[in-house]
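Colleague: any chance you can model this:
(one chain, ligands or ions: 1)
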Amino acid sequence: MVDYVTDMSTIRPIIILPDPLLRLVSKPVTAFDARVQALVDDMFATMYDAPGIGLAAIQIGVTERVVTVDVSPKEDEQHPMAFINPQIIAVSDELNIHQEGCLSIPDYYEEVERPAAVRIRYHDANGQDHEMDCEGLLATCIQHEIDHLDGVLFIDHLSRLKRERVIKKFIKAAKRDCDA
Ligand code: NI
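Modeller: Predicted coordinates:
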């Protein structure tokens, strides 16, 4: 397992498609200790550095159900949110189409249709229970990140043709990097 730095956060490498880790189902967090706080801190450091608006722990190779999000506009103050063991407990009938991207699938963007609003239940880093209503960009982002915890990528919501095309492209790129 990974060694966590507890006195300062560390920017971790983000794993990229077609890394098979991205398809693993992450395990619930059961101990809300300094290690989880350190993981959350590293995830924020990694997410802001990328930069991205959301990150799931599996994207830094940690198979735990931890998500960080900050959907505040760039010019505004940071609004970091950490969700441990997040679950969608209700979804709106109304759907919304947003253009999505993923730090693990760099420079690829496609429109994805998802419920426009969701209600989630989650723990904070201290293990406290919360519920939250999400809409707009936050709703899209949290659904995208919770998908990651189940080994699902946003390209899985696209047509098979589009999905296979992007996977092929990344397999070729990974081969090129190995040969170089
Ligand atoms: Ni992603």
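Colleague: residues contacting the longest helix along the chain, please?
Modeller: For the chain, the helix that runs over the most residues, judged by DSSP state H, is helix 160-179. Residues from elsewhere that reach helix 160-179 (Cβ atoms under 8 Å, 6 or more residues apart in numbering): Ile16, Leu17, Pro18, Ile105, Tyr108, Glu110, Ile155, Asp156, Leu158. Backbone N, C-alpha and C define where each C-beta goes, glycine included.
Colleague: swap in stretch 100-117?
Modeller: Stretch 100-117 has contacts (Cβ under 8 Å, 6+ apart) with 14-17, 19, 22, 47, 50, 52, 55, 59, 91-99, 133-136, 139-140, 143-144, 153-155, 157-158, 162, 166, 170.
Colleague: at 7 Å what do you get?
Modeller: 14-17, 22, 50, 52, 55, 59, 91-92, 94-99, 133-135, 139-140, 143-144, 153-155, 157-158, 162, 166, 170 (Cβ atoms under 7 Å, 6 or more residues apart in numbering).
Colleague: ok now that stretch, how far from the chain's centre?
Modeller: Here stretch 100-117 is found 11 Å from its chain centre; the criterion is Cα atoms, centre = their mean, to the nearest Å.
Colleague: correct me if wrong: Asp49 contacts Thr10.
Modeller: No. The criterion here is Cβ atoms under 7 Å, and Asp49 misses it with Thr10 at 10.2 Å.
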